[in-house]
Structures are given as C-alpha cells and as structure tokens.
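>>> Got a sequence here, can you build the structure:
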Amino acid sequence: MVNINTLDPSASPLDYYGFELRRFREAAGLTQKQLGDIINYTGSMVGQVETARKLPTLDFSQRADAALCTGGLLTRLHPLVMRSQLPAWFQQVAELEVRAVEICSFQTHMILGLLQTPAYARAVLGAVDRSDLDDRTAVRLARQSVFEKEEPPVFWAVLSEAALYLEVGGRKTMQGQLAHLLTFEDNPRINIQVLPYSAGSHAGLTGPFDLYRFAGDPTILYTESYRSGHPTANPDTVKECSLRYDHLQAAALSLKDSAELIRRVMEDRYGEQVA
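Sure, this is the predicted structure:
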C-alpha cells in the first residue's frame, strides 16, 4: 500500500494526479469524505485516488475540478494518467494518436480500439485475462478522447468484412458495436470502409497496420506482434505501406456502400433493423 505521506508526485502521472488532488482538497479544508459527498463519490474512492491505488474517471476529474476550483487541472491530467496505464510497449502509439493529423488503419478481424464500444472492448480485453478488467477497459476507451480535441485527426479505417461477423462478446455486444460504427456515417473526420470478401487477394494479406501522418514530421508506420509494437519512420517501408493502403482503399467499398453492408449484417445476422 502506498503511504500518502511519502507519495512522490514525480513517480508517475497517476501519483502526480493523486498528489494534486490531495493538495487542492486540503487547501479547501475538506476531508476525503466531505469531498466525496460533494462530488457524489465515496470518501474511500477519493482516498484511493489520492494514494494512486485507483484510476480516476473523467467524471470524477470534472466533478473534483468544479468542487475544488482547480481551473480544470485534473481534467487536463486525466488523458495523461490514462495513457500512462497502457502497456509500456503501446504507450508510444497512444502518443502518436494524439499528435497525428491523419491516421490510416487497416484491421483484418476485429474493430480497432479507437472505434470500440465499452462492451466490445471489455470482451476483447477479457478474452484470456479478466484481471483489472474495468480499469483496462477504461484505459483503452480513454484513447478515444483524441476525437474530442479542438483539432481532431482525420481518421480512415479499412475493416475486413470478417470483423463484422466475428461475434465478439455475443449478439447484443455486436449489435451495439455495429450500430456505433454507423454513428460516424456523417462525420467527415471519421471514415469507415469495409473490405469485402469478394475483394479476394488484397494488399493487406500480410496483416494489420497503421499509418500516422503529422504536420511537420515524417509519417510513421506501426505494426504489431504479440505483446510488442513496431513503429518505424523508414522512408522505403513507409512508402511501400502507404501504397498498400491506397490499394486497400481502392478495393474496399465506398463509405456509403460500407455503411449499407454494416446495416445488412446487423439485420441479417443479429436481427437488428437500422433505418
């Protein structure tokens, strides 16, 4: 157990958050229970966040900011805290997502993390390991705040048709996940194309990959293997995979036809009619 009296704010973003929360609370002359009563959380929850034993939620951060008049500090810290809880090998990817002006992603068998619903993410993360599942799910979903930035990246996703049929988490979860994909239909910054089975051999047969483009830095290619990620800015490799992505987009259905296919799958496979 962490001793609050020896909590080192430089140890991690979570420790810094807890240190600042305690500092503001004490400056306001409130006990943990009193603050908890004000923000509608238990005093125990406040104490666990202050001692870096519990991850704060965005709602907790916003309520604590309002109650303690922090000027929004805790809410601004929240994304940094959540990114710090990602596996070490994936943290660089989360930073790329935040800095990129354009993200191009190809997935072969599942919906990618930036587009996952809570139920779908929980099913993916809990397929083998269900430890700390609530926190791990929250950490993954927190990455989606990149779309809420003042200038969010333009996002292109090419999904294999197989991702629509692999029943992750059961029928209800898949209904919700496919419905979620359709909510982006009129969002020009989030574009989803489906690569149909009829495409046959295609440029992505070697596996999933992501391209991150920046305003003033070289494009980075990211590929992944078990428990390790492989970013590279090698110009030849990036050029080759950029060409592959162009071919994948050309072979995929249009944005409109992709949405129609998602609707058909929802109705035919999961019995859900979508207008």
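>>> The residue nearest to A215 when sequence neighbours are not counted: neighbouring residues, count only.
Spatial nearest neighbour of A215, excluding adjacent residues (CB to CB, 6 or more residues apart in numbering): V101 at 5.3 Å. All C-beta spots, glycine's among them, are computed from the backbone N, C-alpha and C. Using other CB atoms under 10 Å, V101 has 14 neighbouring residues.
>>> Over to the one 5 residues further on?
For F106, the neighbour count with other CB under 10 Å is 26.
>>> Could you double-check that it lies in contact with L205?
No: contact between F106 and L205 fails when scored by CB atoms under 8 Å: they sit 10.7 Å apart.
>>> Checking my notes, K172 in a helix, right?
Yes: counting by DSSP: H, G, I helix; E, B strand; the rest coil, K172 is part of a helix.
>>> Is the residue nearest to H230 when sequence neighbours are not counted part of a helix or strand, or is it coil?
Nearest residue to H230, sequence neighbours excluded (CB to CB, 6+ apart): T223, at 4.9 Å. Three-state assignment for T223 (three-state DSSP): strand.
>>> which ones are touching T223?
T223 makes contacts with 207-210, 229-230, as judged by CB atoms under 8 Å, 6 or more residues apart in numbering.
>>> so which of those residues is the most crowded?
D210 (25 neighbours).
>>> quick revisit: which pair in the contacts of T223 spans the largest distance?
G207 and G229 (13.0 Å; CB to CB).
>>> Might you list the low-confidence residue ranges for this protein?
Across the chain, the ranges flagged by pLDDT under 70 are 1-6, 272-275.
>>> what about the helices in it?
With DSSP state H, the ranges of helices along the chain come out as 13-27, 32-39, 43-50, 58-68, 73-84, 88-99, 118-125, 133-142, 162-165, 171-182, 235-251, 255-270.
>>> Report how many residues lie close to I111.
Neighbourhood size, I111 [other CB under 10 Å]: 24.
>>> do the same with the one 10 residues further on
Counted with other CB under 10 Å, the burial measure for A121 works out to 26 neighbours.
>>> ok, it - contacts?
Contacts of A121 (CB under 8 Å, 6+ apart): 113, 137, 140-141.
>>> if we go to 10 Å?
A121 makes contacts with 111, 113, 115, 133, 136-141, 143-144, 168-169, 173, 177, as judged by CB atoms under 10 Å, 6 or more residues apart in numbering.
>>> distance of the closest residue to S145 other than its chain neighbours from L55?
The shortest distance from S145 to any non-neighbouring residue, by CB to CB, 6+ apart, is to P79 (5.6 Å). For P79, the distance to L55 equals 12 Å [CB to CB, to the nearest Å].
>>> again, but for Y222
To L55, Y222 is 25 Å away according to CB to CB.
>>> my guess is R189 meets F155, correct?
Yes: contact criterion CB atoms under 10 Å: R189 and F155 qualify, at 6.3 Å.
>>> Looking at these two, which has the bigger crowd around it?
Between R189 and F155, F155 has the larger neighbour count (other CB under 10 Å), namely 22 against 13.
>>> Tell me what that one is bridged to.
Under the criterion DSSP bridges, F155 forms beta bridges with I103, I190.
>>> Who are the contact partners of it?
97, 100, 102-105, 112, 114-115, 146-147, 184, 187, 189-192 are the contacts of F155 under CB under 10 Å, 6+ apart.
>>> Show me how to select, in ChimeraX, the buried members of the residues you listed.
Here is the ChimeraX command that picks out the buried ones among the contacts of F155, judged by 16 or more other CB atoms under 10 Å:
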select :97,100,103,104,105,112,114,115,146,147,184,190,191,192
